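fold the following and give me the result.
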Amino acid sequence: MTATTPLVTILDDEPAIRTMLAQTLEEAGFRTLTFARATEFEAALRTHSPDICLVDLSLPDRDGLTLVHRLALEQGARVIIISGRAEVQDRVTGLELGADDYIIKPFDPAEVVARIRARLRRDAPGPNTGNTARFGPWTAHFDRYVLEDDTGQETPFSHAEGEVLRLFLDRPKRLISRQAMQEALGGAAGESFDRAMDVRISRLRTKLREDPKNPRLIKTIYGAGYIFLGDVSWGPA
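Modelled structure (predicted):
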């Protein structure tokens, strides 16, 4: 394996799960680093930049959901939660806080590999390969996960919010249905996905200083989906 091989970090306090996931992922061609505690994991992030973070919610030294939110917002990390918490509200909360996917224990290791590969494929360069998109008074920097207004003030967004924003910016002035969003962004269709999308779009509107009663950029077409109304230009960072 080389430094260009995708790196997956595994944070779980169960040794058997860490070993099983590491072996399965390495056999599938990934590099891995494993951690039993959040403090060790966070220390490693100072010198490593993982492509995917697998995070258990039940950690001995940190609240898993708080960690997921910080990873997604401050690090712009791709986060997949692996948890024994199977309630719909737990899944919704994890996705609302910025996780990209949620896998329930017990799981088939092959499913984890498939979800990781699907996530990396979705993040591969699309028709607009630049890191910067400009629309109205805004510039979205996808290399730094920040929105910059015309005065230079910056507002961070999570990787998950960035996926939704990029979907809109790739398809300006075109209707994007809920089904199209689910197909583009992945995850199981259903209540948890719909609610997570509602929260991410609401947060994007807030960061774009939209009037929630009359948004100018991200319009809801009730019963059909969404349309992004801005003119978009792409370029390098």
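
quick one: the residue nearest to Lys207 when sequence neighbours are not counted from Leu165, how far?
The spatial neighbour of Lys207 that comes closest, neighbours along the chain excluded (Cβ to Cβ, 6 or more residues apart in numbering), is Thr155 at 4.9 Å. Just so you know, the C-beta spots here come from the backbone N, C-alpha and C atoms, and that holds for glycine as well. Between Thr155 and Leu165 the computed distance is 12 Å (Cβ to Cβ, to the nearest Å).

ok, now Asp143?
According to Cβ to Cβ, Asp143 and Leu165 sit 14 Å apart.

more neighbours, these two?
Neighbours per residue (other Cβ atoms under 10 Å) separate Asp143 from Leu165, with Leu165 holding more: 25 against 11.

is that one in a helix, a strand, or coil?
At Leu165 the chain is in helix, as set by DSSP: H, G, I helix; E, B strand; the rest coil.

and Arg209, by the same measure?
Assigned state for Arg209: coil (three-state reduction, three-state DSSP).

next one, pLDDT for it please.
pLDDT, Arg209: 94.

next one: Thr93
The per-residue confidence score, pLDDT, reads 82 for Thr93.

dump the helix or strand hosting it to PDB, restricted to CA.
Assigning secondary structure by DSSP states H and E places Thr93 in helix 88-96. Output in PDB follows, covering the C-alpha atoms of helix 88-96 (Å, rounded to 0.1, in the frame of the first residue of the first chain):
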ATOM      1  CA  VAL A  88     -34.600   6.100  14.500                       C
ATOM      2  CA  GLN A  89     -33.900   9.100  16.700                       C
ATOM      3  CA  ASP A  90     -30.300   8.100  17.200                       C
ATOM      4  CA  ARG A  91     -29.800   7.700  13.500                       C
ATOM      5  CA  VAL A  92     -31.500  11.000  12.800                       C
ATOM      6  CA  THR A  93     -29.400  12.800  15.400                       C
ATOM      7  CA  GLY A  94     -26.100  11.400  14.100                       C
ATOM      8  CA  LEU A  95     -26.900  12.500  10.600                       C
ATOM      9  CA  GLU A  96     -28.100  15.900  11.700                       C
END
